[in-house]
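[1] sequence and predicted structure below; questions after.
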Amino acid sequence: MVRFRYPAAALCVAATVLAGCGGSQPPIGNHGAVSQSRAIATRADAGRSWMNPTAKREPLLYVSSSDNYEVYVYTYPKAKLVGKLAGFNFPAGLCSDSNGNVFITNYNGADVIEYAHGGTKPVATLSDPGTHPSGCAIDPTTGNLAVTGVLKSVNGPSQSGAFAIFSKATGSPNLYSVPYATTEFCGYDNKGNLFVDGMGWGEEPRFVLSELGKGQTSAETVSLDNSPGGPGAVQWHGQTLSIGDTYAQIYRYAIKAGSGTQVGSVEVNSRMGQFWIHGSRVIVPTYLGYNPPVQFYTYPGGAGPIKTITDPQSPYGVTVSLPPSN
């Protein structure tokens, strides 16, 4: 099996991600490498997953908790807790497909775990032994799964990062290089073009965005007229690309021919992790101890927060999953 591994040295290794990199990596500086006893405990916690039987019939909001090593499940948009998924080793970014399947990047576990809508047991696990996977996205035109992440260790002299794409979210991935240190988050547009952000090498640029056009074999850098301070969540919404800046901003860009022009922005009241836009709302997790932990805003209007959730501790990623139509 082809492994998802990066061909180069990371800008910062796991022990110094927060101190030297900034950006939007999970706050592993607070957790460090998980101790053997904690790792055993997280595996043992797998039996504690639970779900209200009625959850499968309605839209659900999934929220990863970096402190609790769990994923909370709520009704959407009412935000009633209906389940929890456990047994992770630092769940990070989340994404979902058109059938309601939910993909959870298991940052310290080096894999991506798939659950059916409202399910409590994994239906698939994609191994990623060479990285800390942090972001994912589903191509709406093909069902392919893109995965971004941070290198676990120094692997060689080449200064480049990479991301992986699993065809139909199964099997062995194809790997794509990018000329910067880490890939953080990714998002597809409605035509199957993939956008990936990350950290540049050295002090500048701090933020880099690339596009892998549908059917293309290499990613090209996208120039922005006003870049975020650091890489954050990436999601297509309507006719624009939304990119999060961990410093309380979501920027909106019109993308054309390898360039992006800012057409708006939304300010939230705290630093954020991987947001999720659904319809006219954006759900924002605040992963560094800010309160309330999960906040809902109108989008792209920015009014809010119009609703909050207080359960998860240091939430990092969110996604909305819709029940299958048949």
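    Received it, and whenever you're ready, just let me know what you need. Residues are numbered from 1 along each chain as shown.

[2] and the strands in the stretch 1-150 of the chain?
    Assigned by DSSP state E, counting those that start in this stretch, the stretch 1-150 of the chain shows strands spanning 50-51, 60-65, 70-75, 81-85, 91-96, 102-106, 111-115, 122-127, 131-138, 145-151.

[3] redo the ones you listed as CSV? Include mean pLDDT.
    Formatted as CSV, those follow (pLDDT from 0 to 100):
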stretch, mean pLDDT
strand 50-51, 98
strand 60-65, 97
strand 70-75, 98
strand 81-85, 98
strand 91-96, 96
strand 102-106, 97
strand 111-115, 96
strand 122-127, 94
strand 131-138, 92
strand 145-151, 87
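
[4] burial of residue 264, as a residue count?
    14 (other CB atoms under 10 Å). From N, CA and C alone the C-beta is placed, and that goes for glycine too.

[5] quick one, which of the strands of the stretch 1-150 of the chain is nearest to residue 297?
    strand 60-65 (14.2 Å; CB to CB).

[6] show me where pLDDT drops low in the chain?
    By pLDDT under 70, the low-scoring segments of the chain are 1-47, 129, 151-160, 203-205, 326.

[7] residues touching the residue nearest to residue 85 when sequence neighbours are not counted, list them.
    In space, and not counting its chain neighbours, residue 85 is closest to residue 71: 4.2 Å by CB to CB, 6 or more residues apart in numbering. Residues near residue 71 by CB atoms under 8 Å, 6 or more residues apart in numbering: 62-65, 84-86, 88, 91, 94, 104.

[8] what about residue 259, neighbour count?
    Counted with other CB under 10 Å, residue 259 comes out at 12.

[9] what's the answer for residue 89, then?
    If we define neighbours as other CB under 10 Å, then residue 89 has 17 of them.

[10] how many neighbouring residues does residue 178 have?
    Neighbours of residue 178 (other CB under 10 Å): 24.

[11] still on that earlier bit, can you list the strands of the stretch 1-150 of the chain in CSV and add distance to residue 194?
    Shown next, in CSV, are these (distance: least, CB to CB, whole Å):
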stretch, distance to residue 194
strand 50-51, 31
strand 60-65, 22
strand 70-75, 24
strand 81-85, 27
strand 91-96, 12
strand 102-106, 15
strand 111-115, 16
strand 122-127, 17
strand 131-138, 7
strand 145-151, 6
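
[12] quick revisit: bridging residues for the residue nearest to residue 85?
    Judged by DSSP bridges, the bridge partners of residue 71 are residue 64, residue 85.

[13] if I look at it, how far off is residue 90?
    Applying CB to CB, to the nearest Å, the value for residue 71 to residue 90 is 11 Å.

[14] which residues of the chain fall in helices?
    17-21, 28-31, 36-44 (DSSP state H).

[15] noted, bye for now.
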